[in-house]
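**Student:** here is the input, now give the coordinates:
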Amino acid sequence: MKWTEKQQQVIDSRNRNLLVSAAAGSGKTAVLVERIIQMISEGDRPLDIDQLLVMTFTNAAAAEMRERIGAAVEQKLKERPEDEHLWLQAALIPQAQITTIDSFCLNIIRSHYNSLDIDPAFRIGDEGELSLLRGDCMGEMLENCYDEADEEFGRFVEHFGRGKSDRGIEDVILQAWQFSQSHPWPDEWLFKCRQQMEEEAAGNLDSSVWMQFLLKDVSIQMEELAAQAEEALEMTREENGPLVYEPMLMNDVSRLKKVKEAADTGSFEAFYQAVNDLTFDRLAAARSKDIDPDKKAFVSETRTRVKKAAEKCRDTYGSQSQAEAAQGIRNTKTVISVLLDMVKQFDTAYTEAKRERNVLDFNDLEHLALKVLVEKAEDTAGTEGGNMGGK
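**Tutor:** As a prediction, the model looks like this:
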């Protein structure tokens with residue numbers, strides 16, 4: 001098979017992280033198989049296949065990968081039948097770690113259960129069973145909270161409750177819990193959420209991760225919109241172009257770039273001022289018969305698209321000053337603090353219920369495998385944090 005230049009770069013690369021992005025059917029799996037084959041069959045000291053870990057998302061994909069690697073090794077053996085190393089690879093393929101993420105985690109846990117304080121006879125619960133178990137834990141937890149209700153819990157219920165049902169409350173707790181479970185260290189994520197909320201309520205929005213993400217995203221948007229406006233500007237200057245639009249588009253480009261520059265400073269206040277100064281002049285009338293109608297339409301349509309996107313960004317992110325946003329966070333701090341408490345209480349109850357039944361879910365597989373693979377020291381605050389060292 002003849003590889004493209006980009007594919008060959010992926011195949012030949014070593015000792016680095018790679019992200020391969022391409023359309024379905026473009027040959028990503030074939031490239032990965034070829035890369036693996038070269039790693040186990042070429043060079044002065046080729047690897048053994050069981051030294052590699054190949055993880056996929058589905059059992060079908062893992063089976064396909066194993067089959068393709070086996071076929072590729074067989075083809076190599078036809079070309080080099082005297083190669084003892086290749087014969088060893090053919091024998092090792094059935095035991096090679098070509099597996100799904102869940103199966104890999106499960107194998108790690110079963111091999112190291114003694115360091116995890118779990119019963120080796122555990123089983124993986126099916127989703128129906130686990131859903132009922134979560135419902136029971138949630139109901140019991142909320143019942144206890146109602147029995148011991150204080151003013152803060154009352155505000156939480158008032159904010160998230162819907163009618164006479166607790167469904168809205170349950171949904172928001174489960175959503176926050178599921179999000180925490182997607183973090184390698186859920187307790188640490190909850191702790192940092194609370195810590196970040198305190199800083200933001202004090203007015204320190206610029207230091208928040210979400211604010212920096214927002215400003216970076218806005219910067220990218222403004223850069224793209226300015227590039228589109230510049231493309232339209234260039235067309236106004238072409239022969240038979242709508243030159244009468246030039247001044248307005250020059251202003252558009254300048255103003256969009258100012259918003260981008262303000263976002264690049266990392267200061268929400270600077271961005272807020274710049275985005276609220278973002279205005280668009282009305283396009284002048286272009287009635288000359290010398291103007292190419294297609295060029296006029298392109299410039300006009302591009303300008304309309306840019307204007308709508310920029311104004312949407314302004315209306316979405318420029319509606320509140322930093323002081324107003326911080327006040328909004330202070331107003332909801334109590335409710336969010338209760339939500340974080342509820343998430344922790346639910347997780348504790350659910351974990352204990354699973355332990356009693358000797359059941360694990362898929363989140364447990366990932367977290368327990370990570371616990372085996374990575375050693376984390378506890379900080380003085382009692383949260384998982386900071387130092388990591390391989391076992």
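**Student:** now the element after the lengthiest helix in the chain, going C-ward?
**Tutor:** The residue-count maximum for a helix in the chain (DSSP state H) belongs to helix 322-357. Sequence-wise, the next helix or strand downstream of helix 322-357 (DSSP states H and E) is strand 359-360.
**Student:** for whatever helix or strand Arg303 lives in, buried residues please.
**Tutor:** Secondary structure assignment for Arg303, by DSSP H and E: helix 293-317. Residues 295-296, 298-299, 302-303, 306-307, 309-310, 313-314, 317 are the ones in helix 293-317 that count as buried (16 or more other Cβ atoms under 10 Å). Placement of C-beta: from N, CA and C, glycine included.
**Student:** quick one: contacts of that helix?
**Tutor:** 214, 218, 221-222, 225, 228-229, 231-232, 235-236, 238, 240-242, 245, 248-249, 252, 256, 259, 271, 275-276, 278, 280, 283, 286 (Cβ atoms under 8 Å, 6 or more residues apart in numbering).
**Student:** in strands, which of these fall?
**Tutor:** The members of the contacts of helix 293-317 all map outside strands under DSSP state E.
**Student:** quick check: chain neighbours aside, which residue is closest to Glu269?
**Tutor:** Closest residue in space to Glu269, ignoring its immediate chain neighbours: Gln322 at 5.0 Å, by Cβ to Cβ, 6 or more residues apart in numbering.
**Student:** what number of residues lie near that neighbour?
**Tutor:** Residues near Gln322, counting by other Cβ atoms under 10 Å, number 18.
**Student:** could you measure from it over to Glu200?
**Tutor:** Look at Gln322 and Glu200: by Cβ to Cβ, to the nearest Å, they are 10 Å apart.
**Student:** which residue of the chain lies farthest from its centroid?
**Tutor:** Distance from the centre of the chain peaks at Lys289, with 52.1 Å (Cα atoms, centre = their mean).
**Student:** so that one: helix, strand or coil?
**Tutor:** Assigned with DSSP: H, G, I helix; E, B strand; the rest coil, Lys289 falls in the coil class.
**Student:** which ones are touching it?
**Tutor:** By Cβ under 8 Å, 6+ apart, Lys289 lies in contact with nothing.
**Student:** got a pLDDT number for it?
**Tutor:** At Lys289, the pLDDT value in this model is 88.
**Student:** for it, give its distance to Asn240.
**Tutor:** Applying Cβ to Cβ, the value for Lys289 to Asn240 is 10 Å.
**Student:** then Glu79?
**Tutor:** From Glu79 across to Asn240, the span is 63 Å (Cβ to Cβ).
**Student:** which one's more surrounded, these two?
**Tutor:** Asn240 (13 against 9).
**Student:** how about the more buried one, what does it touch?
**Tutor:** By Cβ under 8 Å, 6+ apart, the residues touching Asn240 are Asp290, Ile291, Asp292, Lys295.
**Student:** and of the residues you listed, the nearest to Glu140?
**Tutor:** Among the contacts of Asn240, Lys295 lies closest to Glu140 (Cβ to Cβ), at 68.9 Å.
**Student:** so what pLDDT did Glu384 get?
**Tutor:** On the pLDDT scale, Glu384 is placed at 41.
**Student:** returning to that earlier point: roughly how far does the residue nearest to Glu269 sit from Leu339?
**Tutor:** In terms of Cβ to Cβ, Gln322 sits 24 Å off from Leu339.
**Student:** hang on, the earlier thing: from the contacts of helix 293-317, which land in helices?
**Tutor:** Cross-referencing these against helices under DSSP H gives 214, 218, 221-222, 225, 228-229, 231-232, 235-236, 248-249, 252, 256, 259, 271, 275-276.
**Student:** pull out the buried members of those.
**Tutor:** Buried among these (16+ other Cβ under 10 Å): 214, 218, 221-222, 225, 228-229, 232, 235-236, 248-249, 252, 256, 259, 271, 275.
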